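>>> Would you be able to build a 3D model of this:
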Amino acid sequence: MSTKTASSAPSPVIEDRAQLLEVFAKGEKPQETWKIGTEHEKFVYRCDDHSAPAYGDPNGIRDLLDELTQFGWSPIEENGNVIALSGPDGTVSLEPAGQLELSGAPLDNIHDTCSEAARHLEQVKKVGEKLDLGFLGLGMWPDKKRSDLPIMPKGRYGIMLDYMPKRGNLGLDMMLRTCTIQTNLDYSSEGDMAQKFRVALALQPLGTALFANSPFTESKPNGFLSYRSHIWSDTDPDRTGMLPFVFEDGFGYERYADYALEVPMYFVYRDGKYLDASGLDFRDFLNGELSILPGERPTIDDWNDHLSTIFPEVRLKSFLEMRGSDGGPWNRICALPALWVGLLYDQTALDAAWDVVKDWNIEGREILRDSVPKMGLDAPLPNGRKLGELAPEILDIATAGLSARAKLNGSGDNESGFLDPLREIVASGKTPAERLLERYHGAWDGDVSHVYEEESF
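Numbers count the residues shown, from 1 in each chain. Have a look, this model is predicted:
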């Protein structure tokens with residue numbers, strides 16, 4: 001989730017609706033300047049007993065952040081607490097229960113993305129050795145109850161923790177017990193954004209299946225392959241889902257802004273503090289009628305904050321975010337941007353992917369999304385096939401897209417090799433979660449604690 005940083009200039013007050021759309025339009029970039037942003041979260045645990053360290057504990061989360069500054073990271077504070085770090089590789093931040101996230105810098109290619117992830121993991125492992133902390137790459141805590149987990153001292157989290165249970169049964173699980181990998185990509189125009197949004201949204205269930213990695217809850221199988229994905233279906237219907245309007249004629253910035261304005265607010269950030277605006281209407285804010293700030297109108301920063309509190313499977317800000325995948329090991333951190341860059345950053349590949357999904361109907365897309373958390377690659381496609389049957393074709397399209405980009409490393413390899421972990425999953429027909437379940441029922445003899453030995457970074 002977003003971390004507030006010091007702004008060098010006051011944010012403009014929103015005087016008219018055009019400024020709302022301008023946030024999206026300012027994201028337009030010529031293709032030669034498109035970048036790749038990758039975010040990945042991991043669980044932090046104590047090596048001796050696998051417990052989740054609290055922020056202020058000795059050798060806890062605050063000490064972890066402090067120790068990371070030796071690698072050139074600069075602390076970001078909120079109310080006197082270091083809650084994030086900034087540096088050349090982006091931002092290191094905290095999710096609500098202390099999950100550690102790297103929001104990577106915008107990079108030119110996936111070779112650089114993978115190097116960035118490797119540097120980050122090397123740094124946290126070095127600090128972890130000193131503090132006796134480990135880092136687990138899964139989509140959900142395999143053994144923790146909500147009550148086992150600490151809360152980080154970030155103002156927005158207190159507001160969200162209070163509001164979430166009013167809108168769904170699993171919102172607290174989303175905040176406290178899950179981890180994800182996410183890819184952020186650019187677009188050149190409103191039309192380009194719309195085509196990419198549609199392809200990414202339709203195929204997001206494939207990303208969920210290929211990265212499904214959360215089959216355990218409180219030390220037992222939970223009946224899902226991606227319980228993290230299931231959690232989003234019962235978190236907050238106002239701000240989640242597959243957004244059917246994206247596939248309607250005329251979709252663009254205006255329609256997404258209308259959707260965002262329909263989503264209730266969480267907070268307003270003023271003078272270093274988060275003010276509770278949960279359930280209030282941003283349109284009232286635009287009219288100077290927000291009850292907690294009467295007479296005051298929002299700024300562009302307020303609009304960007306509001307956009308960051310919307311959680312569909314694909315999200316638009318000044319770039320597109322692909323949000324459907326569970327956390328996992330290093331090679332899948334590299335594989336996720338490879339998948340989406342291959343599909344979305346080459347026009348021939350993008351057109352081919354759109355040809356695959358353009359005739360899917362709304363009901364079929366919803367059934368696919370709802371089936372994937374349990375069924376993975378066996379989930380039904382709108383055309384009657386199974387998702388696993390489509391996966392090789394989509395990976396071939398992504399491979400061709402990456403090859404056409406011709407972004408080579410020092411050995412002359414293009415980016416398509418980063419898809420290898422996904423090819424192996426498709427060839428086997430088994431998601432990462434199914435492989436974990438095989439070990440749980442086999443070599444682990446029902447003891448989920450073995451996951452710490454086998455799935456830690």
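
>>> Buried ones in the helix or strand residue 356 falls within, by neighbour count?
Here residue 356 is covered by helix 347-357, with elements defined by DSSP states H and E. Judged by neighbour count (16 or more other Cβ atoms under 10 Å), helix 347-357 contains these buried residues: 349-350, 352-354, 356-357. Quick note: C-beta positions are derived from backbone N, CA and C, even for glycine.

>>> Is it possible to get CSV of those that adds pLDDT?
Formatted as CSV, these follow (pLDDT from 0 to 100):
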residue, pLDDT
349, 98
350, 99
352, 98
353, 98
354, 98
356, 98
357, 98
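
>>> circling back: elements contacting the helix holding residue 356?
helix 190-210, helix 330-344, helix 387-405 (3 or more Cβ pairs under 8 Å, 6 or more residues apart in numbering; DSSP states H and E).

>>> so which of these gets nearest residue 119?
Of all the helices and strands packed on helix 347-357, helix 330-344 sits nearest to residue 119, with 11.4 Å by Cβ to Cβ.

>>> Any figure for the gap between the residue nearest to residue 142 when sequence neighbours are not counted and residue 441?
The shortest distance from residue 142 to any non-neighbouring residue, by Cβ to Cβ, 6 or more residues apart in numbering, is to residue 216 (3.9 Å). To residue 441, residue 216 is 12 Å away according to Cβ to Cβ, to the nearest Å.

>>> Neighbour count: these two, which is higher?
Between residue 216 and residue 441, counted using other Cβ atoms under 10 Å, the more crowded position is residue 216 (22 against 11).

>>> re the thing from before, and the residue nearest to residue 142, how far from residue 95?
19 Å.

>>> go on, residue 252?
Remark: distance between residue 252 and residue 95 (Cβ to Cβ) = 32 Å.

>>> who has more neighbours, those two?
Taking neighbours as other Cβ under 10 Å, residue 252 and residue 95 compare with residue 95 leading, 22 against 17.

>>> Correct me if wrong: that one contacts residue 42.
No - the pair residue 95 / residue 42 is not scored as a contact, 9.8 Å apart, by Cβ atoms under 8 Å.

>>> my guess is residue 274 meets residue 162, correct?
No - using Cβ under 8 Å, residue 274 is not in contact with residue 162, being 11.6 Å away.

>>> which one of the two has more residues nearby?
Taking neighbours as other Cβ under 10 Å, residue 274 and residue 162 compare with residue 274 leading, 21 against 11.

>>> Count the residues that sit near the nearest residue to that one once chain neighbours are set aside.
Leaving out its chain neighbours, the residue that sits closest to residue 274 by Cβ to Cβ, 6+ apart is residue 155, at 3.5 Å. By other Cβ under 10 Å, 18 other residues sit near residue 155.

>>> just the one 10 residues further on next, same as before
Around residue 165 sit 11 other residues, with neighbours defined as other Cβ under 10 Å.

>>> Need the per-residue pLDDT for it.
Per-residue confidence at residue 165 stands at 97 (pLDDT).

>>> Endpoints of stretch 132-144, how far apart?
End-to-end span of stretch 132-144 (Cα to Cα, to the nearest Å): 19 Å.

>>> which of the residues in that stretch are buried?
Applying 16+ other Cβ under 10 Å to stretch 132-144 flags 133-144 as buried.

>>> repeat for stretch 118-127
Within stretch 118-127, judged by 16+ other Cβ under 10 Å, the buried ones are 120-121, 123-124, 127.

>>> Stretch 49-66 too?
Counting neighbours by 16+ other Cβ under 10 Å, one finds that the buried residues in stretch 49-66 are 50, 52-55, 60-65.

>>> swap in stretch 226-242?
Applying 16+ other Cβ under 10 Å to stretch 226-242 flags 226-232, 235-236, 239-242 as buried.
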